[in-house]
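Q: Have a look at this fold, sequence not included:
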């Protein structure tokens, strides 16, 4: 019997793979083969006529990889900063990392845009004194890019 796969990887471990081989006289045997990610073909010597092959006949867990050691961390540069935060709304300053054309949208927690304005400077002083106390999101839109920061109005 020959089994083929198209797997190709650097082998870090092996897994015991069991096969139940059933013959035409209804007898069977369990064969254990250590396999890794690079196995393409392997031979299992048998005597007699094989009528069935069952992979992992006991339905055992072949490998359990339930923990992640470390996921990559991504750091995105801050496009803009708000201060003070919390703010009263009339003392807010937004500093953007470069001069460009920007649109500022202020969005409340229900998703409504409650303020919008366009600017062409890197220091923005929006008058948000009409906003009620609460949590808002400031979207800075620059062309196709949208940058978001949370703002608390007190």
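A: The structure has been received and is ready for your questions. As the structure is a prediction and not an experimental result, all values here were calculated from the model. Numbers count the residues shown, from 1 in each chain.
Q: From now on I want contacts and neighbour counts done on CA atoms only, so please keep to that.
A: Fine.
Q: Check the secondary structure at the residue lying farthest from the centre of the chain for me.
A: Distance from the C-alpha centroid of the chain, by Cα atoms, centre = their mean, peaks at residue 25 (51.6 Å). The three-state label given to residue 25 by DSSP: H, G, I helix; E, B strand; the rest coil is coil.
Q: how far away is it from residue 53?
A: 14 Å (Cα to Cα, to the nearest Å).
Q: do the same with residue 119
A: 71 Å.
Q: likewise residue 140?
A: 62 Å.
Q: again, but for residue 14
A: Distance from residue 14 to residue 53, by Cα to Cα: 21 Å.
Q: What ranges in the protein fall below the confidence cut-off?
A: Along the chain, the model assigns pLDDT under 70 to residues 1-13, 36-42, 57-77.
Q: which residues of it fall in strands?
A: 14-23, 28-36, 50-55, 80-83, 93-96, 102-108, 113-119, 123-124, 134-142, 145-153 (DSSP state E).
Q: wait, which of these is closest to residue 43?
A: Across these, residue 43 has its closest neighbour in strand 28-36 (9.6 Å, Cα to Cα).
Q: what's the angle between the closest one and strand 50-55?
A: Here strand 28-36 runs at 50 degrees with respect to strand 50-55, directions being taken by axes from the mean of the first three to the mean of the last three Cα atoms, to 10 degrees.
Q: quick one: residue 103 and residue 142 touch, right?
A: Yes - contact criterion Cα atoms under 8 Å: residue 103 and residue 142 qualify, at 6.8 Å.
Q: Pick out whichever of residue 140 and residue 53 has more residues nearby.
A: residue 140 (22 against 16; other Cα atoms under 10 Å).
Q: show me what contacts that one?
A: 102, 103, 104, 105, 146, 147, 148 (Cα atoms under 8 Å, 6 or more residues apart in numbering).
Q: rerun at 10 Å
A: Each residue near residue 140 by Cα atoms under 10 Å, 6 or more residues apart in numbering is listed here: 79-80, 94, 96, 102-106, 116, 118, 146-149.
Q: Check residue 92 too.
A: Applying Cα under 10 Å, 6+ apart, the residues contacting residue 92 are 82-86, 124-129, 151, 153.
Q: What is the burial count for residue 87?
A: 18.
Q: just checking, it touches residue 126?
A: No - assessed by Cα atoms under 10 Å, residue 87 is found out of contact with residue 126, at 11.6 Å.
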